[in-house]
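A.B. asks: I need the structure of the sequence given here:
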Amino acid sequence: MAKTIITYGTFDLFHIGHLKLLQRLKSLGDKLIVAVSTDEFNALKGKKTIIPYAQRAEIVENIKCVDMVIPENDWEQKILDVQKHHVDVFAIGNDWEGKFDFLKEYCDVVYLDRTEGISSTQLKNTLKTFSVSKHEILKAFEILEQLKKDFD
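C.D. replies: Next up is the predicted model:
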């Protein structure tokens, strides 16, 4: 009998940790459904994404181990999704340990270890260190203008 797995996430700045998580989830069953958080839902959670929902959903949809992508619009939809899609296993990263135990009434609940050394938050923080302020850009132009005058 086929086994259906479901997971939820934002999947912003798709990285190797996301891929490894999805591959591990698929290994738990036959069909993997991924609910990708919409921009509106992320805003309600106080999360700001870099990649818009439609693009994040398309990226996840094109990962070969993913069988179906659905939008995650609110916290309450999980029970309905489990019932509607005849889900056998709800699985998510262990940073959510215990938060979805209420689903055990409807399916198995599994918390998986995250991939060490990588996260979207870490990537966003790294990107911030690479960003250049408007002041730094203006200062660079001033220096270039001065060099141009010196060589003319």
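A.B. asks: lowest-pLDDT helix or strand in the protein?
C.D. replies: Every helix and strand in the chain was compared by mean pLDDT, DSSP states H and E; the lowest is helix 120-130, with a mean of 55.
A.B. asks: Enumerate every residue touching Val110.
C.D. replies: Going by Cβ atoms under 8 Å, 6 or more residues apart in numbering, Val110 touches 28, 89-92. Placement of C-beta: from N, CA and C, glycine included.
A.B. asks: Confirm it sits in a strand?
C.D. replies: Yes - assessed by DSSP: H, G, I helix; E, B strand; the rest coil, Val110 belongs to a strand.
A.B. asks: Tell me how far it lies from Met68.
C.D. replies: 18 Å (Cβ to Cβ, to the nearest Å).
A.B. asks: Then Asp150?
C.D. replies: Separation of Asp150 from Met68 (Cβ to Cβ) stands at 63 Å.
A.B. asks: For the helix or strand where Ala91 lies, give me every contacting residue.
C.D. replies: Ala91 is part of strand 89-93, with elements assigned from DSSP states H and E. Strand 89-93 is contacted by residues 3-9, 21, 25, 28-29, 78, 82, 100, 103, 106-114 when judged by Cβ under 8 Å, 6+ apart.
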